[in-house]
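Peer 1: no sequence on this one, just coordinates:
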C-alpha cells in the first residue's frame, strides 16, 4: 500500500489519556471535547471515546435504562470551518414485546458521520451541530443517534406467538383450547355458503 504524500498530525486524546490517567475534563460534562487544537490546522485528526449515561432516552416501545452508559467512539477530523465526527454510538436498551408483553433487551449500535461548525455556521448548515467556545459536545449527536435506532415495537423473538385473545395465556409458554373468534363481517357469507351446501346435498 502506498503511503500518503503528507501525514497529518494525529492526536489520541489528551496527554493524561495516553498516560493511562484520568481524562482532562469535568465529570459533569463527559461528552465535551476541547477543539481549539483541532481548529488550528485543517486535517488534524483526533480519536475520542466517551462513555456516560444520558437521561431520557426513550421511545414508545423501548428505552435506555437509567444509569446505563452510552458509548461514543469517533474520529474527529478538522476541515476549514468545522470538524467532522465519524464513528459509532452504542447503548443498551430494554422494552416490552409487542405481541406477548414480555421483557426484551437489546443493544443499539449505529454509525455516525456528522459535522460540527463554528458559531453562526449552523444558520447556513442547519444539519450541523454547533462548535462553540473551542468545544464540541458529543451528547446531542449521541442522543439523536440512539433515539433514531431505538425500536418502536420490539419483539422478544421473530416467531413470538403472542397472547391468546380469548384467555390471555402466553402461547409461547403454553397451549389453550380457545377457538378463534369469527369475524362478524363474514357471518352472512358463511350462512349463504351453508344454504348452498344444504341444497346440493
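Peer 2: All right, it came through fine. Not measured: the values here are computed from a predicted model.

Peer 1: Which of the helices or strands spans the most centrally placed residue in the chain?
Peer 2: For the chain, the residue nearest the mean C-alpha position is residue 146 (2.5 Å; CA atoms, centre = their mean). Per DSSP states H and E: residue 146 is located in helix 138-149.

Peer 1: Return the set of buried residues in that helix.
Peer 2: Neighbour counts over helix 138-149 (16 or more other CB atoms under 10 Å) mark 138, 139, 141, 142, 143, 145, 146, 149 as buried. For glycine as for every other residue, the C-beta is placed from the backbone atoms N, C-alpha and C.

Peer 1: Skipping its backbone neighbours, what lies nearest the second one in space?
Peer 2: What that stands for is residue 139. residue 31 (4.0 Å; CB to CB, 6 or more residues apart in numbering).

Peer 1: and the one you found, how far is that from residue 135?
Peer 2: Counting by CB to CB, to the nearest Å, the gap from residue 31 to residue 135 is 10 Å.

Peer 1: okay, the two: which has more neighbours?
Peer 2: residue 31 (20 against 15; other CB atoms under 10 Å).

Peer 1: Would you mark the buried spots in stretch 168-179?
Peer 2: Within stretch 168-179, judged by 16+ other CB under 10 Å, the buried ones are 170, 171, 172.

Peer 1: err, stretch 104-116, not the other one
Peer 2: 104, 108, 112, 114, 115, 116.

Peer 1: got a list of what the second one touches?
Peer 2: When contacts are counted by CB atoms under 8 Å, 6 or more residues apart in numbering, residue 108 touches 64, 89, 90, 91, 92, 93, 145, 146, 149, 150.
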